[in-house]
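Participant: Whatever this is, show me its structure:
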Amino acid sequence: MLTMDAKQIIKSLGGVSATARLCEVSSAAVSQWQTEGIPKSRLMFLKLARPDVFAVLGQGGQMAMASLSFDAD
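Facilitator: I've put the predicted structure just below:
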């Protein structure tokens, strides 16, 4: 479920390259998010930067955020 949600979010943001530009990260990083999930901090940023996308998705990215695994900092 997480993978599908992350892929849908990235697609709705304009794809891997557009999402990478928006987050100022590499396309490789965003590609990795499609399989491992969008990091919580990036997801929160994307929700603030592009609320229109999350309104259309109708879930606010909640599934993707709720399914994230957290690493100790």
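Participant: count of neighbours near residue 38?
Facilitator: 27 (other CB atoms under 10 Å). Placement of C-beta: from N, CA and C, glycine included.
Participant: cool, residue 26 as well?
Facilitator: Residues near residue 26, counting by other CB under 10 Å: 11.
Participant: just residue 20 next, same as before
Facilitator: The number of residues packed around residue 20, counting by other CB under 10 Å, is 20.
Participant: Contact partners for it?
Facilitator: 26, 27, 29, 30 (CB atoms under 8 Å, 6 or more residues apart in numbering).
Participant: just residue 46 next, same as before
Facilitator: Counting by CB under 8 Å, 6+ apart, residue 46 has contacts 9, 13, 19, 22, 23, 38, 53, 54, 61.
Participant: Please identify which helix or strand holds it.
Facilitator: helix 40-49 (DSSP states H and E).
Participant: tell me the SS of residue 38?
Facilitator: coil (DSSP: H, G, I helix; E, B strand; the rest coil).
Participant: Tell me the spatial nearest neighbour of the residue nearest the centre of the chain, not counting adjacent residues.
Facilitator: Nearest to the mean C-alpha position of the chain, by CA atoms, centre = their mean, lies residue 38 at 4.3 Å. Counting by CB to CB, 6 or more residues apart in numbering, residue 38 lies nearest to residue 6, which is 5.1 Å off, once chain neighbours are set aside.
Participant: I'd guessed that neighbour sits against residue 31; true?
Facilitator: No: taking contacts as CB atoms under 8 Å, residue 6 lies outside contact range of residue 31: 10.6 Å.
Participant: picking that back up, the next helix or strand after the helix holding residue 46 - contacts with which helices or strands?
Facilitator: Scanning forward in sequence from helix 40-49 by DSSP H and E, the next helix or strand is helix 51-57. Helices and strands touching helix 51-57, by 3 or more CB pairs under 8 Å, 6 or more residues apart in numbering; DSSP states H and E, are helix 2-12, helix 40-49.
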